[in-house]
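S.K.: I'll drop the sequence and a predicted model, then ask my questions.
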Amino acid sequence: MKAIILEGPDKPLVLKEVPTPAPKAGEVLVQLKASSLNRRDWWITQGKYANISYPAILGTDGAGIVTEVGEGVDHDWVGKEVVLYPGYNWGNSEEYQANEFTAIGLPPYNGTFAEYITAPVEHLQFKPLHLSFEQTASLPVAALTAYRALFVKARIKKGDTVLVTGVGGGAGTFALQFAVAMGCRVFVTSGSGEKIERARHLGAAAGVNYKAQDWAEQLKQLSGGFDIIIDSAMGDGFAKFLDVIKPGGRIVFFGGTAGGNLPELNGRKIFWRHISILGTMMGSPADFGAMLAFVNEHKLEPVVDEVFPLADAEIAIRRMDHSPQFGKLVLRHS
Ligand SMILES: NC(=O)c1ccc[n+]([C@@H]2O[C@H](COP(=O)([O-])OP(=O)(O)OC[C@H]3O[C@@H](n4cnc5c(N)ncnc54)[C@H](OP(=O)(O)O)[C@@H]3O)[C@@H](O)[C@H]2O)c1
C-alpha cells in the first residue's frame, strides 16, 4: 500500500510503498478514504512531541470502509463505512487516561495517512450518514477534544455564554459549532478578521482579534462575561481570562499554540470567584461515541477548509506553518 512517511525531524512527508498490514485477532482492516491533519502532526514534523521515533506513518484522524476482519470479528463488518477512535489504551477511568494511552500516528501505532490501517473492532464507529468521508475524517481528534472540553469538563448548558479562543483551528471550529448547537451565546477570538466573519456565519455572536492590546476589555464589553472559556493557546493572554470569566465560570484548556506555558495568575481572583481551571486531553471511547451521537442528532457539518490528494500531504502540512486555514485540512485517499 501507499503511505505518507516521516523519516526524521524537519524532513518532508513522502509517499512510499510499504507492506499492507493484516488484521490480527479482534481487529479489522480499513481501507481509508480520507484523513485529516491536526496540529499534533505538525508538532511531530518539527520534532516537538513526546516519544517520536522514525520512520513514522503520521495521521490520527481517518474514515473508510472495512475490507477484512481478523479472527473472532463478525464478518458483517466487511463493507461498513466507519470512523476510527484516534487513540489506544484510554484505560478504565472516565476521569483521565491511563499512562499507556497514546494517539495513533506514531510508532508503534501506524497512522491514517495511508491507504489501509488495522484497528481493534471496538475502535470503530459508524460514519454519520449525512457526512462525506472527507467531513467524517475531520472529526476524530479535534471534535472529540472540543466535545469533552465543553460537555464533560465545562458542563455546558443551553443559555451559557461561551468564549472560544483561536476559532480558526480545527478544535476551535468544532467548539464553536457544538456550543452554538447547544443554544449558547458564543464569542470567539482569532488572529484574522476574515475568520471572525466566518465564525459569525457559523453562529458566533461576535469576535475580537487576539492581537489587539485591549482584546479582553472588548470581549467583556461585548459579552458581559463568560460562563465557559475554551482555550488551546495558553500564552500570556491566559491571565486575562480571569477578568472576563463570570463567578463560578470554567476555563478549560488543552493546548499551547501561543506559548508553551501559563503566565502568573492572580490566585485571589480564582478562589474568591469560584473559578475552575480545568485541563483536558482528547477523550475516552465513550466521549467519542457521545460526540458522534451529538453530530448525528444536530446534523452538524465539519468545516473543511481544503482537500488535498494523499500524495500532497507535505503541501497540506506546510499550510499549517502560518495557519491561513479556517477549519480542517483533509487528505483524500482515492
Ligand atoms: N491535548 C489534546 O488532546 C489536544 C487535542 C487537539 C488539539 N490540541 C492542541 O490544541 C491546539 C489547536 O489544535 P488544532 O489541531 O485545532 O490546531 P490548528 O487547526 O492548527 O489551529 C491552531 C489555531 O491556534 C490559533 N492561535 C494561534 N495563536 C493564537 C493565540 N495567540 N491566541 C489564540 N489562538 C491562537 C489560531 O487561530 P486563528 O486561526 O483563529 O488565529 C490557529 O488557527 C494545538 O495547540 C494542539 O496541540 C490538543
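M.R.: Looks like it arrived, so ask away.

S.K.: poorly predicted segments of this protein, please.
M.R.: Scanning the chain for pLDDT under 70 picks out no residues.

S.K.: for the stretch 1-150 of the chain, what lies in contact range of the ligand?
M.R.: The stretch 1-150 of the chain has residues Asn38, Arg39, Arg40, Val141, Ala142, Thr145 near the ligand, with proximity defined as C-beta under 6 Å from any ligand atom. Placement of C-beta: from N, CA and C, glycine included.

S.K.: out of these, which are buried?
M.R.: Buried members of those, counted by 16 or more other C-beta atoms under 10 Å: Asn38, Arg39, Arg40, Val141, Ala142, Thr145.

S.K.: in JSON lines, list these along with secondary structure.
M.R.: Putting these into JSON lines (DSSP: H, G, I helix; E, B strand; the rest coil) gives the following:
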{"residue": "Asn38", "secondary structure": "coil"}
{"residue": "Arg39", "secondary structure": "helix"}
{"residue": "Arg40", "secondary structure": "helix"}
{"residue": "Val141", "secondary structure": "helix"}
{"residue": "Ala142", "secondary structure": "helix"}
{"residue": "Thr145", "secondary structure": "helix"}
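
S.K.: can I get those residues in CSV with distance to Arg198?
M.R.: Conversion of those to CSV gives the following (distance: C-beta to C-beta, whole Å):
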residue, distance to Arg198
Asn38, 20
Arg39, 19
Arg40, 23
Val141, 21
Ala142, 16
Thr145, 20
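
S.K.: how about the contacts made by Gln31?
M.R.: Gly64, Ile65, Val66, Thr67, Glu115, Tyr116 (C-beta atoms under 8 Å, 6 or more residues apart in numbering).

S.K.: same thing with Ala175?
M.R.: By C-beta under 8 Å, 6+ apart, the residues touching Ala175 are Ala146, Ala149, Leu150, Val162, Val164, Val167, Ile230.

S.K.: and for Gly70?
M.R.: Here Gly70 is in contact with Ala22, Pro23, Lys24, Ala25, Gly26, Glu27, Val28, Leu29, Thr118 (C-beta under 8 Å, 6+ apart).

S.K.: these two touch, right, the third one and Ala119?
M.R.: The reference is to Lys24. No. Look at Lys24 against Ala119 with C-beta atoms under 8 Å: they stay out of range, at 10.5 Å.

S.K.: break this structure into its domains for me.
M.R.: 2-139+302-332, 143-279 (automatic domain parsing).

S.K.: residues near Asp160, how many?
M.R.: When counting by other C-beta atoms under 10 Å, one arrives at 21 neighbours for Asp160.

S.K.: give me the element the closest residue to Leu300 other than its chain neighbours is part of.
M.R.: Spatial nearest neighbour of Leu300, excluding adjacent residues (C-beta to C-beta, 6 or more residues apart in numbering): Gln177 at 5.4 Å. Counting by DSSP states H and E, the element that carries Gln177 is helix 170-181.

S.K.: dump the C-alpha coordinates for that helix into CSV.
M.R.: Extracted in CSV, the C-alpha atoms of helix 170-181 (Å, rounded to 0.1, in the frame of the first residue of the first chain):
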residue,chain,number,x,y,z
GLY,A,170,-9.8,22.5,13.9
ALA,A,171,-10.7,22.2,17.6
GLY,A,172,-11.8,25.8,17.7
THR,A,173,-14.4,25.5,14.9
PHE,A,174,-15.8,22.3,16.5
ALA,A,175,-16.1,24.1,19.9
LEU,A,176,-18.0,26.9,18.2
GLN,A,177,-20.3,24.6,16.3
PHE,A,178,-21.1,22.4,19.4
ALA,A,179,-21.7,25.4,21.7
VAL,A,180,-24.0,27.1,19.0
ALA,A,181,-25.9,23.8,18.6
